[in-house]
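Asker: For reference, the sequence and a predicted model appear below.
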Amino acid sequence: MSDSVTPQKLRSRAWFDNPSNPDMTALYLERYMNFGLSLEELQSGKPIIGIAQTGSDLSPCNRHHLVLADRIREGIREAGGIALEFPVHPIQETGKRPTAGLDRNLAYIGLVEVLYGYPLDGVVLTIGCDKTTPACLMAAATVNIPAIALSVGPMLNGWYKGERTGSGTIVWKARELLAAGEIDYQGFIKLVASSAPSTGYCNTMGTATTMNSLAEALGMQLPYSAAIPAPHRDRQETAYLTGKRIVDMVHEDLKPSDILTKDAFVNAIRVNSAIGGSTNAPIHLNALARHIGVDLQVEEWQEFGEEVPLLVNLMPAGEYLGEDYHHAGGVPAVVKQLMNQGLIHENAMTVNGKTIGENCAKAVIEDEKVIKPYDQPLKERAGFRVLSGNLFDSAVMKVSVISPEFRERYLNNPADPQAFVGRAIVFDGPEDYHHRIDDGSLNIDEHCILFMRGAGPIGYPGAAEVVNMRCPTYLIKRGIHSLACIGDGRQSGTSGSPSILNASPEAAAGGNLALLVTGDKVRVDLNTNTVNVLISDEELAQRRAKLEAEGGYKYPASQTPWQEMQRRTVGQMGSGACLEDAIQFQQIAQT
Ligand code: FES
Ligand code: MG
């Protein structure tokens, strides 16, 4: 424990030990004593540490944090702190209607108020399910008090008839089996449920494993801690060590702004490529960067990440699951492979007070089937491309997941091998898609491009994970399993589809996707990273004038006050889908 910071400097002293304002001090103190904390404890000068609890019955992915919190408390106590646990607005990726994306910013803004407005000197952020991680990190970045994240850990591997079944990825497979009549409704549910055998978050390389890995790569949680499965004993031990460590971080005054530097974000972008991370990562990391005041543009995901190969063999890109990732060495083993290539800024600071270079210097791959050495990757150039054109300013695509079959069907023009032209089939939101996808009159064939619009942060509040659309049943029966998909929504991290998604600006924010008509020809060119509808600027302008005369692009009305409030201030996915009012406030407050 360092004594460079005296107890008087702790922000909690302003509540609990402020002789110049005895009235308020007494009022603050008495109520925190009413469940048994003593006056002596509260005035001891010990750091008060919040445990931001994201687990609950409504958030099954993070529910194990209710158990882990006991070990966090023991660590905090042992290191000389006092723990105060409090709830964070629940975000369950699979349970929240209309989208969990809507609640990332709600949990964020709620947690900011808690961290700012209560007597907390530091905080343990209990992260896990997709949006809980960015929501917590964004809030800690905004308030900038010492903060350490603790992952809840992935579920154990799922199994069905001797084969691994992974969260989310099994749904894509089960949907096809159901559509092809090979399983029935009950069989479908059983197959999907087999992928969730224990407490914890999605065991595939979906958004949860991605964001938890990146929280470690950013330096915001203890080394090795992201990948440990939820039920393992090491997970409990890590909870204890995390609780111990945050107390020292308070004494050292080690804050998010010391850790979340540009170098840390570049490291995280590279790790994201190497793990085969979710296309949701750019949205969340760009948002986090803005809240900590680091300039990070969506184009930098391509600049720093595209060349990095895929090293982690987890579904959906590969074969294995979360337990295997942990046994193979987890995040440090991946970081070390990148360090050997000079791809990691080794001096980036982390929560344990050491640099990422120091933390990962001795990391080894324990199982080369699961984590590949850099020179024997699963795929070359596994990062994202950032595309633009006359339909949107930015959208991301994971080019490395283009299948040979897909390449054969779309990218088969020898004169122009990286480009294709497809006939657009346009859907307005997921309900429209479900309603019409099997409608034979659309005449969808294997060269069509499916478009999903009205699915962005404003159009489908929070942005729906719906861009990776299943083919019409009549094509699946003919053996066509995927079509090119483009949209202004998101895509589940558990889908391996090479969709072009997160298109910004979305149709509902005035983007040209709103002008697209079924039957238009659209050209995708991977040489130039462009997507263009093949109509003239004049025609586009005419369509724009007509749409505006009709009152603009229509989307469903808000169902709750928060949906309406968020719609009025949310930005586009290219810049993190942040609450722009919050960003503006932070910029003014800093000047
Ligand atoms: Fe919660 Fe995947 S649904 S982690
Ligand atoms: Mg998701």
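Answerer: Ah, there it is. Residues are numbered from 1 along each chain as shown. Ligands and ions are numbered 1, 2, ... in the order given.
Asker: Longest helix in the protein, please.
Answerer: For the chain, the helix reaching the highest residue count under DSSP state H is reported as helix 233-252.
Asker: What's the local residue count around residue 143?
Answerer: Residues near residue 143, counting by other C-beta atoms under 10 Å, number 19. Bear in mind the C-beta positions are built from the backbone N, C-alpha and C, glycine included.
Asker: May I have the predicted confidence score for it?
Answerer: If you check residue 143, the pLDDT there is 98.
Asker: what residues are up against it?
Answerer: Residues touching residue 143, when contacts are defined by C-beta atoms under 8 Å, 6 or more residues apart in numbering, comprise 112, 115, 116.
Asker: before we move on, which element is the closest residue to it other than its chain neighbours in?
Answerer: In space, and not counting its chain neighbours, residue 143 is closest to residue 115: 4.2 Å by C-beta to C-beta, 6 or more residues apart in numbering. Taking DSSP states H and E as the definition, residue 115 sits inside helix 101-117.
Asker: Then residue 159?
Answerer: In this structure, residue 159 sits in strand 158-160 according to DSSP H and E.
Asker: Counting by contacts, list what that strand packs against.
Answerer: Here strand 158-160 is seen to pack against strand 163-165 when contacts are counted using 3 or more C-beta pairs under 8 Å, 6 or more residues apart in numbering; DSSP states H and E.
Asker: If we go by neighbour counts, what in the strand it packs on is buried?
Answerer: Neighbour-count burial for strand 163-165, with 16 or more other C-beta atoms under 10 Å as criterion, is recorded at 164, 165.
Asker: Name the next helix or strand downstream of it, please.
Answerer: Tracing the chain C-terminally past strand 163-165 and defining elements by DSSP H and E, one meets helix 169-179 next.
Asker: Just name whatever secondary elements that following helix is in contact with.
Answerer: Right, helix 169-179 is packed against helix 185-193, helix 473-476 by 3+ C-beta pairs under 8 Å, 6+ apart.
Asker: if we can go back for a sec, hmm, residue 139 and the residue nearest to residue 143 touching each other?
Answerer: Yes: assessed by C-beta atoms under 8 Å, residue 115 is found in contact with residue 139 at 6.0 Å.
Asker: Need the residues touching each of these two.
Answerer: Taking C-beta under 8 Å, 6+ apart as the contact rule, residue 115 and residue 139 both touch residue 52.
Asker: Same drill for those two, tell me which one is more crowded.
Answerer: It is residue 139, of residue 115 and residue 139, that has more neighbours when counted by other C-beta under 10 Å, with 26 against 23.
Asker: Can you give me every residue that contacts the more buried one?
Answerer: Counting by C-beta under 8 Å, 6+ apart, residue 139 makes contact with 52, 107, 108, 109, 111, 112, 115.
Asker: which one is residue 423 nearest to, not counting chain neighbours?
Answerer: The spatially closest residue to residue 423, leaving aside those adjacent along the chain, is residue 448, at 5.0 Å (C-beta to C-beta, 6+ apart).
Asker: wouldn't that neighbour be in contact with residue 426 here?
Answerer: No: the pair residue 448 and residue 426 does not pass the contact test of C-beta under 8 Å, sitting 10.6 Å apart.
Asker: list the buried ones in the longest helix of the chain?
Answerer: By neighbour count, and taking 16+ other C-beta under 10 Å as the criterion, the buried residues in helix 233-252 are 235-236, 238-251.
Asker: Closest to ligand 2 out of the residues you listed?
Answerer: residue 235 (22.1 Å; C-beta to the ion).
Asker: The closest one reaches residue 228, doesn't it?
Answerer: Yes: taking C-beta under 8 Å as the contact criterion, residue 235 and residue 228 are neighbours in contact, 4.8 Å apart.
Asker: Report the set of residues contacting both of those two.
Answerer: Counting by C-beta under 8 Å, 6+ apart, the residues touching both residue 235 and residue 228 are residue 153.
Asker: Where does pLDDT dip in this protein?
Answerer: For the chain, residues meeting the criterion pLDDT under 70 lie at 1-8, 494, 496.
Asker: what separates residue 591 from ligand 1, distance-wise?
Answerer: In this structure, residue 591 lies at 38 Å from ligand 1, with C-beta to the nearest ligand atom, to the nearest Å as the measure.
Asker: please begin residue numbering at 33 from this point
Answerer: With the count now opening at 33, the last piece we talked about shows up as residue 623.
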